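Colleague: Okay, structure incoming, though there's no sequence with it:
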C-alpha cells in the first residue's frame, strides 16, 4: 500500500502534537509535586506512554518519528531520504507548536495561571531551573540520552529484529527511563520539536536556551546512527 506524503505529514504533525500536549501537560496540569500531583515519575510515564500510543496509532503511516533528531538520525543511518526528513521536521515543529498552543489555552484559563520562566514544561538549565545544573551537564545529558534513545530505536526497528512488533513499547519505555534519570537536569528534551513548542509561548530564558535542545539531540542521534551501523549492525557486503 502506497502512503501519500500528505498522510505522513499529518501523522507526524498529530503525533508530535499529542506528545507535547500530553507530556508537557502532565507537568503543567497534573502537577510535578508528588504529594498533590503525578510527580516526576508520572511525568516520565506520560512522555513514554505518549510515544507508545502514537507508535501504534501512526507507526504504520509515518514510522512515528515525532522528533527531528530521529528523522535526521534515520538519514544518517541510510534509512530515510533527506527530502522526506525535511518534510517530517516541518510537520513535527508545527505539531509541537499546536500541542503547546492547546496547552497554553488550557493553562491560562486556570484562575491561578501565571506564565513564569520556562513555563508550559519548557526545557532549560542553570540558575532558577529545577536542580540548576550547568551548561556542560545539560549538553552532555541531552547528547547521551538522545544517543541511548536512538540506539533503542535503531535496534528495535531493525528488519533483523524478530521482536519488531514490540518496537513501540521498547521505544516508549526507554523514553520513560531517560526521563526518570534526567528530568531534574534539563526537563529532558532529546527532541528539538518538544523543546520548540513550549519555548515559543514561554519566551525569554526558554527561547534563549533553545539552541542546546537542537544541537545536542541532533548530534547524539547522528552519533548513534554511525555507531549502530559501524559497530553493531554492519550493512551486509556482497561476497
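Modeller: Thanks, I have it. Not measured: the values here are computed from a predicted model.
Colleague: now for the lengthiest helix in the chain, which elements pack on it?
Modeller: Assignment by DSSP state H gives helix 82-108 as the longest helix of the chain. Judged by 3 or more CB pairs under 8 Å, 6 or more residues apart in numbering; DSSP states H and E, the packing partners of helix 82-108 are helix 5-25, helix 68-76, helix 192-202. For glycine as for every other residue, the C-beta is placed from the backbone atoms N, C-alpha and C.
Colleague: Could you give the average pLDDT over whatever helix or strand comes next after it?
Modeller: Downstream of helix 82-108, the next assigned helix or strand under DSSP states H and E is helix 135-156. Across helix 135-156, the average pLDDT comes to 97.
Colleague: In this structure residue 176 contacts residue 45, no?
Modeller: Yes. Using CB atoms under 8 Å, residue 176 makes contact with residue 45 at a distance of 5.6 Å.
Colleague: before we move on, back to that, between the helices and strands packed on helix 82-108, which gets nearest to residue 105?
Modeller: Closest to residue 105 of the helices and strands packed on helix 82-108 is helix 192-202 (CB to CB; 9.9 Å).
Colleague: Please state the offset of the helix or strand following that closest one from the chain centre?
Modeller: The helix or strand immediately downstream of helix 192-202 is helix 204-208, counting by DSSP H and E. Mean-position distance between helix 204-208 and its chain equals 19 Å (CA atoms, centre = their mean, to the nearest Å).
Colleague: and helix 204-208, what other elements does it pack with?
Modeller: Under the contact criterion of 3+ CB pairs under 8 Å, 6+ apart, helix 204-208 touches helix 192-202.
Colleague: Please list the outside residues in contact with the helix it packs on.
Modeller: Helix 192-202 is contacted by residues 16, 19-20, 23-24, 66-69, 89, 92-93, 95-101, 103-104, 115, 117-123, 189, 206-207, 210, 213-214, 217-218 when judged by CB atoms under 8 Å, 6 or more residues apart in numbering.
Colleague: out of the helices and strands packed on helix 82-108, which comes closest to residue 52?
Modeller: Comparing the helices and strands packed on helix 82-108 by CB to CB, helix 5-25 comes nearest, at 10.8 Å.
Colleague: what's the next secondary structure element after the closest one?
Modeller: Per DSSP H and E, the first helix or strand lying C-terminal to helix 5-25 is helix 39-62.
Colleague: For that next one, buried residues please.
Modeller: Buried residues in helix 39-62, counting neighbours by 16 or more other CB atoms under 10 Å, are found at 39-40, 43-55, 58-59, 61-62.
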